[in-house]
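A.B. asks: quick one: sequence plus predicted model below, questions after.
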Amino acid sequence: MALGYVALVLHAHLPFVRHPERDYVLEEEWLYEAITETYIPLLRVFEGLQRDGIDFKLTMSLTPPLISMLRDPLLQERYAHHLGQLEELIVKEIENNQQNGHIRYLAEFYHQEFTKIRQTWQQYKGDLISGFKQFLESNNLEIMTSGATHGYLPLMKMYPQAVWSQIKVACDHYQETFGRPPKGIWLPECAYYEGLETMLAQAGLRYFIIDGHGILYAHPRPRYGTYAPVFTESGVAAFGRDHESSSQVWSSKMGYPSDPEYREFYKDLGWEADYDYIKPYIMPNGQRKNTGIKYHKITNVQGDMGDKAFYDPYWAKEKAAEHAGNFMYNREQQIAHLANMMQRSPIVVAPYDAELFGHWWYEGPWFIDYLFRKAWYDQSTFDMVHLADYLRFNPTQQLCRISQSSWGYKGFHEFWLNDSNTWIYPHLHEATERMIELSNIEPADELEERALNQAARELLLAQSSDWAFIMRTGTMVPYAVERTKTHLLRFNQIYDDFQLGTINATFLDSVEEMDNIFPNLDYRVYRFSGNKEQGTGNRE
């Protein structure tokens, strides 16, 4: 019998970025990079584990915007072209570096990797969600949902209809995608406020994840800290992030991804190659960008980017195996200690952004692969577990009132509400009030119904926490501002046209094509009154 459990949890999310009205938008490449460096490599890891008889257990969220983009034919076509450009460029790199042994070695490595990416892409016919779904059905993956557009829920709490719409639309979309209701939800940015659990119960959800301090500052004080979930008064369980295991990966100073053997993210061929040579593979306007082809490792040199030594995937993979072993060893020691103190089976919840593994930390998928293999063969102290299964194995937990929290800077809400982005909220609140007003209208014809549904889509898209986050970080700010304003302007035009009885069918056709998320959305979701059946749970 294992002494406890480890739950590795990945949050796979990107904002909805899709521009059929333009031939090229740099921000669409967020998806293409994540497909190449994270989503397909993870699928390949899952396939290898399953092939080798390792019954791995991993919990993963796939947010509605990400699912929608991965299943969109236009974006699938554009990704295939993006991958083709990478394949063409790396062939040129091999040809042009015949006399440069290490660069040629790395170029041949990338060529092999891109070939494998192409094979997996074709294996799933461009529909990666079908790949993740097969591991859900084999019970290796537990897939959670998130907010419909990753809206920051505590900043909407004065409008329960808006919070409910983020939750309900997400759950309905999950049901449409996977043919079953979701068991759990990754709250957007792990942001929680007291009372939110009631809506989660009404939506049929059984658990959610929050940051550790949301549990640690609960009332009464949880007797097991973050090493056991707690039940809320609605019966929905809350799991808290474990600080120790998180810091081993997240920390910029002591985390594994900062090891000098690993690939340097910020030194890319797109910025370093001769301009005329790289021009066909950068932005159409001639501006340089990352290509994903990187030849240098982090190294120990305390200097500028020009001081980096060449990367070697062989030694990086060895280091990933070493770090996976270290992570496993630390969890063994941690769980053995906790089990002795608690006199029951602890759970260590280790949640991360999925895109960390592969995109930001190139070796991350190798780390995951080694971790599951080592945990399967080399230890018996803990079992890897799904969060829903842990609740099934341990149905009685302490009842607590959780503290308001997020996993952002300082643990609360200021990253999404500060001088850089506070201007958006009066506009979002006004649009929310207008949407609630519209939700009580019964359409006279199909055109009005379409307009009301599109108004709901535009509001949901404007509410994405990603835009406020980007404004705060200071990167790609003009795009985040543009997206926020665009969705609000589209919403307000629909609202004004509705008020005047002059719905513009041509305009509606256009925005339906551009913002085509949630094709089965029913605007009446904003009629939420709070009178829904609540869930139940076993409590201590």
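C.D. replies: Received, thanks.

A.B. asks: hmm, residue 86 is touching residue 114, no?
C.D. replies: Yes. With contact defined as CB atoms under 8 Å, residue 86 reaches residue 114; the gap is 5.5 Å. Using the backbone N, CA and C atoms, a C-beta is placed for each residue, glycine as well.

A.B. asks: who touches both of the two?
C.D. replies: Here residue 86 and residue 114 share the contacting residues residue 36, scored by CB atoms under 8 Å, 6 or more residues apart in numbering.

A.B. asks: which residues in the stretch 151-300 of the chain form strands?
C.D. replies: Here the stretch 151-300 of the chain has its strands, by DSSP state E, counting those that start in this stretch, at 184-186, 207-210, 230-231, 237-240.

A.B. asks: how about the chain?
C.D. replies: Taking DSSP state E to define them, one finds strands in the chain at 4-12, 58-62, 141-144, 184-186, 207-210, 230-231, 237-240, 347-353, 382-384.

A.B. asks: in TSV, list those along with mean pLDDT and mean neighbour count.
C.D. replies: Formatted as TSV, those follow (pLDDT from 0 to 100; neighbours: other CB atoms under 10 Å):
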stretch	mean pLDDT	mean neighbour count
strand 4-12	98	24
strand 58-62	98	25
strand 141-144	98	24
strand 184-186	98	24
strand 207-210	96	26
strand 230-231	97	24
strand 237-240	96	26
strand 347-353	97	23
strand 382-384	98	22
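
A.B. asks: got JSON lines for those strands, with distance to residue 152 too?
C.D. replies: Output for the strands of the chain, formatted as JSON lines (distance: least, CB to CB, whole Å):
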{"stretch": "strand 4-12", "distance to residue 152": "15"}
{"stretch": "strand 58-62", "distance to residue 152": "16"}
{"stretch": "strand 141-144", "distance to residue 152": "18"}
{"stretch": "strand 184-186", "distance to residue 152": "13"}
{"stretch": "strand 207-210", "distance to residue 152": "14"}
{"stretch": "strand 230-231", "distance to residue 152": "23"}
{"stretch": "strand 237-240", "distance to residue 152": "18"}
{"stretch": "strand 347-353", "distance to residue 152": "16"}
{"stretch": "strand 382-384", "distance to residue 152": "31"}
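
A.B. asks: sorry, back to before: can you tell me which of the strands of the stretch 151-300 of the chain is nearest to residue 276?
C.D. replies: strand 184-186 (45.3 Å; CB to CB).

A.B. asks: just checking, what packs against the closest one?
C.D. replies: Counting contacts by 3 or more CB pairs under 8 Å, 6 or more residues apart in numbering; DSSP states H and E, strand 184-186 packs against strand 58-62, strand 141-144, strand 207-210.

A.B. asks: can we see that at 6 Å?
C.D. replies: In terms of contacts (3 or more CB pairs under 6 Å, 6 or more residues apart in numbering; DSSP states H and E), strand 184-186 is packed against strand 141-144, strand 207-210.

A.B. asks: do you know how far the nearest residue to residue 424 once chain neighbours are set aside is from residue 208?
C.D. replies: The spatial neighbour of residue 424 that comes closest, neighbours along the chain excluded (CB to CB, 6 or more residues apart in numbering), is residue 484 at 5.4 Å. Going from residue 484 to residue 208 by CB to CB, to the nearest Å gives 26 Å.

A.B. asks: tell me the pLDDT of residue 343.
C.D. replies: Confidence at residue 343, expressed as pLDDT, is 91.

A.B. asks: any idea how far it is from residue 4?
C.D. replies: Distance, residue 343 to residue 4, by CB to CB: 12 Å.

A.B. asks: got it, and residue 52?
C.D. replies: For residue 52, the distance to residue 4 - CB to CB - is 25 Å.

A.B. asks: rewinding a little: surely the residue nearest to residue 424 meets residue 423?
C.D. replies: No. Contact criterion CB atoms under 6 Å: residue 484 and residue 423 do not qualify, at 9.2 Å.

A.B. asks: out of the two, which sits in the more crowded spot?
C.D. replies: residue 484 (24 against 11; other CB atoms under 10 Å).

A.B. asks: which pLDDT value goes with the more buried one?
C.D. replies: Note for residue 484: predicted pLDDT of 98.

A.B. asks: show the contacting residues for it.
C.D. replies: Residue 484 makes contact with 424, 462, 467, according to CB atoms under 6 Å, 6 or more residues apart in numbering.

A.B. asks: in terms of distance to residue 530, which of the residues you listed ranks first?
C.D. replies: Top of the list for closeness to residue 530, among those and by CB to CB, is residue 462 at 23.7 Å.

A.B. asks: and the gap between the residue lying closest to the closest one once chain neighbours are set aside and residue 370?
C.D. replies: Ranked by CB to CB, 6+ apart and with sequence neighbours excluded, the top spatial neighbour of residue 462 is residue 487, at 3.7 Å. Residue 487 sits 42 Å away from residue 370 when distances are taken as CB to CB.

A.B. asks: again, but for residue 391
C.D. replies: Using CB to CB, residue 391 is found at 28 Å from residue 370.

A.B. asks: repeat for residue 407
C.D. replies: 26 Å.

A.B. asks: is it correct that the residue nearest to residue 462 is in contact with residue 464?
C.D. replies: No. Residue 487 lies out of contact with residue 464 (CB under 6 Å); the separation is 8.6 Å.

A.B. asks: who's in contact with stretch 515-533?
C.D. replies: By CB under 6 Å, 6+ apart, stretch 515-533 touches 16, 68, 161, 164-165, 168, 202, 435-436, 439, 452-453, 456-457, 461.

A.B. asks: out of those residues, which two sit at the greatest distance?
C.D. replies: For the contacts of stretch 515-533, the maximum inter-member distance is 25.4 Å, found between 16 and 202 (CB to CB).

A.B. asks: more neighbours: which of the two?
C.D. replies: Remark: of residue 16 and residue 202, residue 16 carries more neighbours, 25 against 20, as counted by other CB under 10 Å.

A.B. asks: list the residues that contact that one.
C.D. replies: Contact analysis of residue 16 by CB under 6 Å, 6+ apart lists 65, 517.

A.B. asks: got a quick ChimeraX command for the buried subset of the contacts of residue 484?
C.D. replies: To isolate the buried subset of these in ChimeraX, counting by 16 or more other CB atoms under 10 Å, use the following:
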select :424,462,467
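
A.B. asks: between residue 487 and residue 370, tell me which one has more neighbours.
C.D. replies: More crowded of residue 487 and residue 370, by other CB under 10 Å: residue 487, with 25 against 21.
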